[in-house]
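Chemist: just to be clear, the model below is a prediction. Sequence and coordinates:
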Amino acid sequence: MTIALRTAVLLILAGFLGSALADETCQSPYLPKVVGHEDFVYVWTLGIEGVGDGQDKLVTIGANPARPDYGKVVSSSSLGGRHEAHHGGFSDDRRHFWLGGLDDSTIFIFDVATDPANPKLVKTIEDFVDASGGVVGPHTFFALPGRMLITGLSNSRDWGGKTGLVEYSNDGEYIRTVWLPDDAAYGYDVRVNPRLNRMLTSSFTGHANYMRALSELLQDPEAMKNFGSTMVLWDYHARKPLQTFRVPGAPLEIRWALQPEHHYAFTSTALTSKLWGVFRKDDGTFEAVELADIGDPAKVPLPVDISLSADDRYLFVDSFLDGMVRVFDVSNPRKPKVILEKKIGSQVNMVSQSWDGKRLYFTSSLLANWDGTGDPDDEQFLKAFDWDGKQLKQTFALDFRALGLGRPHLMRFAQEGFFARGGAAATPEVASDVRE
Amino acid sequence: MRVLAVLVLALLPGLALAHGDEEHAAAPAPESALFEPPAPGSYELPPIRRVSEHELLGSDGAPAPLLALEPGQVAVVSFIYRNCADAGGCPAALGLLRKLDRELARAPELSGRARLVTCSFDPGRDTPERMAELARLMEPKGDWRFLTAADVDAIGPVLADYGQDVLRVATDEGESPLFAHLLRVFLVDAEGQVREVYSASFLDWRVVLNDVRTLLGEER
C-alpha cells in the first residue's frame, strides 16, 4: 500500500474517530503523536561533576529493535554547564523540543525535525526570569496552538513556592505571565483539557527547597512547611482560576483521562503518598477525591511521575525512594486497584509509555541534590520494558554513569521520517500512521 | 490510484455537511455543551506574533491583500485546500467558519468590523475559479473572502509568516494530491497581531465569536 493510500485510509479513519484518538498519552492534546514504534527516546540529562564532560545534555537513545542503534546512544548534545536539567516538551507541531533548567531558569530549544537522530540547538532563552516578571524554575512545557505554556516552580523575590504560568510564542518570544492565585500560589504541573475548556495546575515547592539536599530538607520542619497542598481548576481560555482544591502533600504530575467521555484527571502526592482524582460533577464544577494509598505512606516512598494508558485503564505510578512502579487498574476511576508492584531500581523517577501501551521506559533521576537519598551508589539508568497487561519484562538498560552521561530525567519519543514524509504536519489523528 | 480516488470521493459528504442547511451546519464541537465560553471582555488575548500584509489573488483572479484591515476591524484567517480528505480538518473548519459567518452577520454591532479570510495553500489546484466555487458553496452572509496564490512560491512565505505547518505528503510514485497539515485558525487584529490561534481539533465557534467581540471591545 502506498503511503498516500495509507494516508487516505487513515484520514478517513480519523474523520470517523474524531477526537477519540486526538491525544498522545501524557502529552498535550494539540500535538501530533507517535503511535507506531518509537525509533528514539530523547532523554534530558543532568550533568554530574566528574562523569563525562559533567554537563547537562540532550541524549538520544535508539529504541527500535529493527534498527542497528537499538539500545545504544545515538547522539548527545552538551549544553555548557549544569542547569538542573528537568522537564521539557515539544512545540505543537512537534518540530522543536523545549528543555528547562530549574536552577538558572535557562531554556534550550532544539530542532528535532531536520534530523530526529541528531537534535540541534537553535535557540537559548536566558532571560526567562526577567521577561516573566520574576518566575523561576521553568518546569512543565505544554504545547498550545502556536505557543508554549510553561509552569514555574518559584520566584526571584524570595525563592519560595509562589509562582506563575508563562507563555511564549513558538518563535521563543515572551507573551505573558499569569500568577497563581494567592490562596494556591505554588505551582508544578499544568494540563489542559480542551473539550472541557478546563486547565489544572498542581503545586510543589520553591527553589530554596528543591535545590537543597533531600536528607537535610526532611530534617528541617520549617522548610517542610513550604510545600504545595493545592490544585487549581482554571477556565483555560480565560486563564482564570475557578476552584481551588486542598490536596495535601505536594500534588505533582497531572493526567487528564484521554477518552472523550471521561471527564476526570489523576495526580499523586509526593509527601503523603496518595493517589487523587479530580472529577467533573453533573453541575459542571469539579471535586478532588482521595482515591488510594501509594505503597505504605508511613514509609514515605515519595511518589513522583505517573503515566496513564491511552485507553484510561492503567495508571503507572513511580515512587522515588523505594524504586518501585505500581500499576493501578483505573477502569473504575474512583476505585483504583493495584495489579502489579515491581522494583525498577534503587531509585526511579520518570516513566513514559508508548501510545499503544506496549512499551515503558523508566529513568532514575529526580533532582541533583535529591538523587542517592536512599541509595548511596546513586545509580543512574534508563530501563526499557515491554508491558502485556500483567507483567513488565525488561528489554534493555543503559547505565548513564558508566556511559559518562549523567542523571537521566525526562523522556520523549521520536521517529525517523516523521517529518520527511509529512507526518508531523498531519492532524493528530493521522500523524505517525504514515510511517507504520 | 483508483482506490484512492474512491476513498477521497467517499469523503465528499464531509464537505456537503458544511454546505447543508444552516440549521444542520452544526459547529464541529460536539462537546461544546460541556462548558460555557467566558464572556467577551472578561479576559485578555495578548499578541502572540505579528504578521505582515501579503498580496494574493481573490476569487475573481484580481490581486487581493490577505488582511486589508482598517482600524477597528479584525480578521479570522484560515488556510485550507479543497482536496482535503480529512473530514475533521478543512471541511470541519469550513463548517465552523460558515457558522461563524452566520453569527457575525446576525450581530449588527459587528457589521463591517469582522472579516473571514479563507486562503488555499494548494494554488496549483485551487485556482481563483475553484475558490469562487467554494465561495458559492459557502454562501457567505457577511464579509468572507476566499483567496489563493499565484503559485507555490507565493504562498510559502505566507504560511511561514503565520507559522502554519503544511507539507505535501510524499508517495512512492511522487507527488500526492494530499497535504499533511496541522490546521490552525488565526484571529488577527488591525495592527497585524495574531491574538489567538485555534486548533481544528477543538474548534468552538462560540469561543471564536466571543474572542472577536473581546478584541472589538478593546476599541471602545
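Modeler: On my side now, so go ahead.
Chemist: C-alpha only now, for contacts and for neighbours.
Modeler: Will do.
Chemist: show residues contacting whichever strand or helix holds residue A:304.
Modeler: Assigned by DSSP states H and E, residue A:304 falls within strand A:303-308. Here strand A:303-308 makes contact (C-alpha atoms under 8 Å, 6 or more residues apart in numbering or on different chains) with A:25-26, A:252-255, A:257, A:267-271, A:273, A:294, A:314-320, A:349-353.
Chemist: show the average pLDDT along it.
Modeler: Mean pLDDT, strand A:303-308: 97.
Chemist: repeat that for stretch A:324-331.
Modeler: 98.
Chemist: got the contact list for residue B:193?
Modeler: Listed by C-alpha under 8 Å, 6+ apart, the contact set of residue B:193 reads B:47-51.
Chemist: what's the closest non-adjacent residue to whichever residue of the stretch 201-350 of chain A sits closest to chain B?
Modeler: The minimum distance from the stretch 201-350 of chain A to chain B, using C-alpha to the nearest C-alpha, falls at residue A:238 (5.1 Å). With sequence-adjacent residues excluded and distances taken as C-alpha to C-alpha, 6 or more residues apart in numbering or on different chains, residue A:238 is closest to residue B:43, at 5.1 Å.
Chemist: near chain B, which residues of the stretch 151-300 of chain A?
Modeler: A:168-169, A:175-176, A:194-197, A:235, A:237-239, A:284 (C-alpha under 8 Å from any C-alpha of the partner chain).
Chemist: pLDDT score for residue 52?
Modeler: Since no chain was named, I'll use chain A. In this prediction, residue A:52 carries a pLDDT score of 98.
Chemist: look at chain B instead
Modeler: In this model, residue B:52 is scored at 98, pLDDT.
Chemist: is it correct that it is in contact with residue B:190?
Modeler: No. Counting by C-alpha atoms under 8 Å, residue B:52 stays clear of residue B:190, with 11.0 Å between them.
Chemist: which residue ranges form the strands in the stretch 301-436 of chain A?
Modeler: For the stretch 301-436 of chain A, strands defined by DSSP state E, counting those that start in this stretch occupy the ranges A:303-308, A:314-319, A:324-329, A:337-343, A:350-353, A:359-363, A:381-387, A:392-399, A:407-414.
Chemist: turn the ones you listed into a markdown table, including mean neighbour count.
Modeler: Putting these into a markdown table (neighbours: other C-alpha atoms under 10 Å in any protein chain shown) gives the following:
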| stretch | mean neighbour count |
| --- | --- |
| strand A:303-308 | 27 |
| strand A:314-319 | 25 |
| strand A:324-329 | 23 |
| strand A:337-343 | 15 |
| strand A:350-353 | 24 |
| strand A:359-363 | 23 |
| strand A:381-387 | 21 |
| strand A:392-399 | 16 |
| strand A:407-414 | 26 |
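Chemist: for the ones you listed, which one sits closest to residue A:91?
Modeler: strand A:407-414 (12.2 Å; C-alpha to C-alpha).
Chemist: now the angle from the closest one to strand A:381-387?
Modeler: Here the directions of strand A:407-414 and strand A:381-387 differ by 40 degrees (axes from the mean of the first three to the mean of the last three C-alpha atoms, to 10 degrees).
Chemist: and the angle for strand A:407-414 with strand A:392-399?
Modeler: Using the same axes, to 10 degrees, strand A:407-414 lies at 120 degrees relative to strand A:392-399.
Chemist: can you map out the strands along chain B?
Modeler: In chain B, the segments counted as strands under DSSP state E are B:49-50, B:55-58, B:63-65, B:74-80, B:114-120, B:144-148, B:166-171, B:174-181, B:184-188, B:193-199.
Chemist: each with direction, which strands does the fifth one pair with?
Modeler: Same thing as strand B:114-120. strand B:74-80 (parallel), strand B:144-148 (parallel) (DSSP bridges).
Chemist: kindly report the same for the third one.
Modeler: For strand B:63-65, the paired strands and their directions (DSSP bridges) are strand B:55-58 (antiparallel).
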